[in-house]
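**Q** have a look at this prediction, sequence included:
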Amino acid sequence: VQLVESGGGLVQAGGSLRLSCAASGSISNINVMGWYRQAPGKQREMVARISGSSSVNYSEFVKGRFTISRDNAKNTVYLQMNSLEPEDTAVYYCYLNWGGGNWFTNWGQGTQVTVSS
C-alpha cells in the first residue's frame, strides 16, 4: 500500500492550496481518510478526517477555512486550504484506515506547506 501526496508548496498568507493523497496497492474497504500536520518543534496534530459515509471532522483551528473531501473511485483524499495563515506552516501527512476483520493504517510521506506573512 502506497500513499502519494501532492500539492504542497509556498504561499502567501491569505492564499490557498489544495493537497491530494492517492492510495494504491492492495486496498479494500477504506474507512477513514484524513490529514495530520506537524510543525517544527510541535507534536503531530489532527487537521481533518472523513469517514466512509463522508462524515467529516475538523480541528478547531481549521474550521471554516479547510475542506476535506474524497473520491472513492480513485482512492484519493483532498484537503482544500483557504485563508492560509503562517501558523498553518507544517508538514502535512495523509492517512487512511482500511481492512475489515483486521484494520490497518497507512501514512503518506508528508508534503511541506509554508505560508509566508
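**A** Received the coordinates, thanks.
**Q** hey, let's count contacts and neighbours off CA atoms from now on
**A** Fine.
**Q** for the residue most central in space within the chain, which non-adjacent residue is spatially closest?
**A** Against the mean C-alpha coordinate of the chain, by CA atoms, centre = their mean, the closest residue is Trp35 at 2.8 Å. Distance criterion CA to CA, 6 or more residues apart in numbering; nearest residue to Trp35, sequence neighbours excluded, is Cys94 at 4.4 Å.
**Q** what of Gly9?
**A** Per CA to CA, 6+ apart, closest to Gly9 is Val113, 5.1 Å.
**Q** next, count neighbours for that neighbour.
**A** 22 (other CA atoms under 10 Å).
**Q** swap in Asn75?
**A** 17.
**Q** what about the nearest residue to it once chain neighbours are set aside, distance to Gly9?
**A** The shortest distance from Asn75 to any non-neighbouring residue, by CA to CA, 6+ apart, is to Ala23 (5.4 Å). From Ala23 over to Gly9 the distance is 21 Å, taken as CA to CA, to the nearest Å.
**Q** I appreciate the help and will end here.
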